[in-house]
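Asker: Just a sequence and a predicted model for now, questions to come.
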Protein chains: 2
Amino acid sequence: MQRIRIKDVAREAGVALSTAALALRDDTKLREETRRLVRDAAARLGYVYDRSAAVMRSGKSHTIGLIVCEITNPFYAELTAGVEEALDEAGFVVMLANTSESVSRQRRMLERFREQPVDGVLIMPATGTPPSLLEDLERWRLPHATVVRGFRRGAHTGPDNRRGTRLATEHLLSLGHRRIAFLGGGARNSVSRERWDGYARTMAKAGLTPEHLLCHTDIGEAAGLAQSLPANGPTALVCYNDSVAFGATLGLLRSGRIPGRDVAVTGFDDIREAAAWFPALTTVRVSPRGMGQAAARVLLERITQPAAPPRREILEPTLIVRESCGAHLRWKG
Amino acid sequence: MQRIRIKDVAREAGVALSTAALALRDDTKLREETRRLVRDAAARLGYVYDRSAAVMRSGKSHTIGLIVCEITNPFYAELTAGVEEALDEAGFVVMLANTSESVSRQRRMLERFREQPVDGVLIMPATGTPPSLLEDLERWRLPHATVVRGFRRGAHTGPDNRRGTRLATEHLLSLGHRRIAFLGGGARNSVSRERWDGYARTMAKAGLTPEHLLCHTDIGEAAGLAQSLPANGPTALVCYNDSVAFGATLGLLRSGRIPGRDVAVTGFDDIREAAAWFPALTTVRVSPRGMGQAAARVLLERITQPAAPPRREILEPTLIVRESCGAHLRWKG
DNA sequence: CGGCCCGATTGGAACGTTCCATTATCGGCC
DNA sequence: GGCCGATAATGGAACGTTCCAATCGGGCCG
């Protein structure tokens, strides 16, 4: 009992090989009756479509390569889920590569995807990725798009990071804070730069000096920094993202301070855990899942219309006011 | 300027097609000199290996399908990272499918993977998956293995869940707790059953009655349950996993109780955030990343030796005592 | 009645590798 | 000098689809 091919189905149904192939694709060039005939024969024999042959002949694999900079980061995990969801709907499958922020691993995986039958790649560039990567992809004629982190050129989907931290900073200013520090974002990538920038500009416009408390996107590290914050230090923290904000609140708790009451904290991303947090996290919502879906659509557009100019989709973030900024305490007195 | 094939490289190097093919695979049947000749020619022309043809001819894709029940769950995200890491090392690529605990979506993806050129599938079965799935996979002759959640038969890698909750429960008993409840694990899958079982048996052996506070694996839901816990309720909570434990501590904080001091809490999994938590989470470590790597190896073994009996690898969990169980307070007085 | 067009079906090449059997070359040995 | 084995290289079929051009009937029109 060996594998059944279209040839066998054709013989069983009493039609030519190409007719059977057409029927199995449900091509309307064939009479409905013929199609049913073939379908039945296929079902009887237990025929299973062999994509590898189709891929080789047609050159389309209906597969895309997804390069994730750090899948254990809840934000990127959620984004990945969105990408996968949208691509599945379009009949595409995701090949996953987690680079763990390693530029060399990213390079290796991209070279593999070039050989692999992949119709395009969606990239969240590892921190420190040289912009020349984009040129390579273009030279390779590999359809591509970036998400969250991006370059000046090329198809891209991401949040308006400057606007996001501006909203958070303005909110804290409106609550009366003056010593507001920026926590996290020590990485050299576009997101770090833009988020810092939105905060710094807003501070400058208010006539205040920005202050950068550098740390990586790591709960433990952020917690340590917040814990050792002096009592006469900043009264509010604009955090690089939710994970850093979580760390900040934990650090404050450790040092006996209640986040929201003693020091205001804001996040960025609004990952799932943010609403359930203690205190519930005031944050800038960008909807990672929605962004993943949008990015998938942008890439699919590149694949189906390679000649069209690459689309750049900047999503507007919104400020979600909860408890960690202390706004709710103003009403309670 | 069209795509370069082996044929072109062969002509450039002045050798036969099959010689060039052999050389590009660095086959030792060829003189080193010939291999170099071909390699140089390939480099000169910018030859790119076309895997789709190789896959079709050889029947091996060096690709596996990974079915994740919920990738936004940090535990599974970490596990996915481990799988990807180990497979990459073996020269395999991961096709990702996130089922979001939907049995029908899982079915659909598996059927797709059957057509897709995939050498095997690694599955974290969605809650409610019928055991007949295993029979289907066997009938399809698709090499497979389960991780974390599994069935009675078949290749499997997972933690000793019973032992895990037993360790946690025994620890709480040794700290003097008597009213210990089990929180979470409302899902109908093997993990839920086993973790509950390990707790319940240990309680019974100590002559105490087990108590089940049911909720899904959701921080918000767990927080709500813990928050509304009466003052004369359980003094300790054995949680289904770390996420539920996080929820529990947040809920306790909300109701003005300090987890660890007022109510002891233990988790399960030891995900990354557990150590940084406030209070640092006492939990059962299973090392999701290591488990992912182990599972990948088990599946690869199935693929390379289909005739061998499927391996079942049960990993021993260890109790990591931190602060949330209150053990550290015993010394401080 | 013959030619034409249209829808339905067919035949066969092509995709770019891998795999297997075969040939060529050469040195050593009886 | 012919035979053998080993090493190095070659030739060509095969994998299972898709794609394109060709064929086949039958109805319609002039």
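Answerer: Everything's here; your move. Keep in mind that what you see is a predicted model, and the values were worked out from it rather than measured.
Asker: centroid residue for chain A?
Answerer: The residue lying closest to the centre of chain A (C-alpha atoms, centre = their mean) is A:Leu79, at 3.8 Å.
Asker: What strand or helix carries that one?
Answerer: Assigned by DSSP states H and E, A:Leu79 falls within helix A:74-89.
Asker: same question, A:Gly158
Answerer: According to DSSP H and E, A:Gly158 maps onto strand A:156-159.
Asker: hey, C-alpha coordinates of the very next helix or strand once past the helix holding A:Leu79 in PDB?
Answerer: Sequence-wise, the next helix or strand downstream of helix A:74-89 (DSSP H and E) is strand A:93-98. Extracted in PDB, the C-alpha atoms of strand A:93-98 (Å, rounded to 0.1, in the frame of the first residue of the first chain):
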ATOM      1  CA  VAL A  93       1.600  28.900   6.900                       C
ATOM      2  CA  VAL A  94       4.200  30.500   9.100                       C
ATOM      3  CA  MET A  95       7.800  29.300   9.300                       C
ATOM      4  CA  LEU A  96       9.100  30.500  12.700                       C
ATOM      5  CA  ALA A  97      12.500  31.700  13.500                       C
ATOM      6  CA  ASN A  98      13.300  33.100  17.000                       C
END
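Asker: what lines up beside strand A:93-98 in the sheet?
Answerer: Partner strands and pairing direction for strand A:93-98 (DSSP bridges) are strand A:63-68 (parallel), strand B:93-98 (antiparallel).
Asker: same for the next helix-or-strand element following that strand, what does it pack against?
Answerer: Later in the chain than strand A:93-98, the nearest helix or strand by DSSP H and E is helix A:103-115. When contacts are defined as 3 or more C-beta pairs under 8 Å, 6 or more residues apart in numbering or on different chains; DSSP states H and E, helix A:103-115 packs onto strand A:63-68, strand A:93-98, strand A:120-123, helix A:132-139. Using the backbone N, CA and C atoms, a C-beta is placed for each residue, glycine as well.
Asker: Which of these sits closest to DNA strand C?
Answerer: Proximity to DNA strand C (C-beta to the nearest atom of the strand) singles out strand A:63-68 among these, at 16.7 Å.
Asker: what about that closest one, near DNA strand D?
Answerer: No: Strand A:63-68 is not in contact with DNA strand D by C-beta under 7 Å from any atom of the strand; minimum separation 14.6 Å.
Asker: quick one: average confidence on the strand holding A:Gly158?
Answerer: Strand A:156-159 comes out with an average pLDDT of 97.
Asker: What of stretch A:185-204?
Answerer: 92.
Asker: Please identify the buried residues of it?
Answerer: Buried residues in stretch A:185-204, counted by 16 or more other C-beta atoms under 10 Å in any protein chain shown: A:185-187, A:189-192, A:194-196, A:198-200, A:202-203.
Asker: ok, A:Leu252 touching A:Gln227?
Answerer: Yes: contact status for A:Leu252 versus A:Gln227: in contact at 7.2 Å, counting by C-beta atoms under 8 Å.
Asker: rewinding a little: between the strands paired with strand A:93-98, which one is closest to A:Thr99.
Answerer: strand A:63-68 (6.1 Å; C-beta to C-beta).
Asker: and the closest one with helix A:74-89, angle?
Answerer: Angle of strand A:63-68 versus helix A:74-89, following axes from the mean of the first three to the mean of the last three C-alpha atoms, to 10 degrees, is 170 degrees.
Asker: bridging residues for A:Val284?
Answerer: Note on A:Val284: beta-bridge partners by DSSP bridges are A:Leu319.
Asker: What is the neighbour count of it?
Answerer: For A:Val284, the neighbour count with other C-beta atoms under 10 Å in any protein chain shown is 29.
Asker: The one 4 residues further on too?
Answerer: The burial count assigned to A:Pro288 is 27, neighbours taken as other C-beta under 10 Å.
Asker: can you check A:Arg107 too?
Answerer: 16.
Asker: how's chain A carved up into domains?
Answerer: Split into domains by automatic domain parsing, chain A comes to A:6-49, A:63-159+A:288-315, A:161-286+A:319-325.
Asker: Output these in JSON lines; the columns should cover distance to B:Val15.
Answerer: Listed next are those as JSON lines, based on distance: least, C-beta to C-beta, whole Å:
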{"stretch": "domain A:6-49", "distance to B:Val15": "35"}
{"stretch": "domain A:63-159+A:288-315", "distance to B:Val15": "22"}
{"stretch": "domain A:161-286+A:319-325", "distance to B:Val15": "46"}
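Asker: For DNA strand C, which of those is the nearest?
Answerer: Smallest distance to DNA strand C across the domains of chain A (C-beta to the nearest atom of the strand): 3.2 Å, for domain A:6-49.
Asker: wait, A:Ile71 sits on A:Glu78?
Answerer: No: using C-beta under 8 Å, A:Ile71 makes no contact with A:Glu78, being 10.4 Å away.
Asker: Check which residues of the helix or strand hosting A:Met291 are buried.
Answerer: Following DSSP H and E, one finds A:Met291 within helix A:288-304. Within helix A:288-304, the residues scored as buried using 16+ other C-beta under 10 Å are A:288-303.
Asker: Thanks a lot, see you next time.
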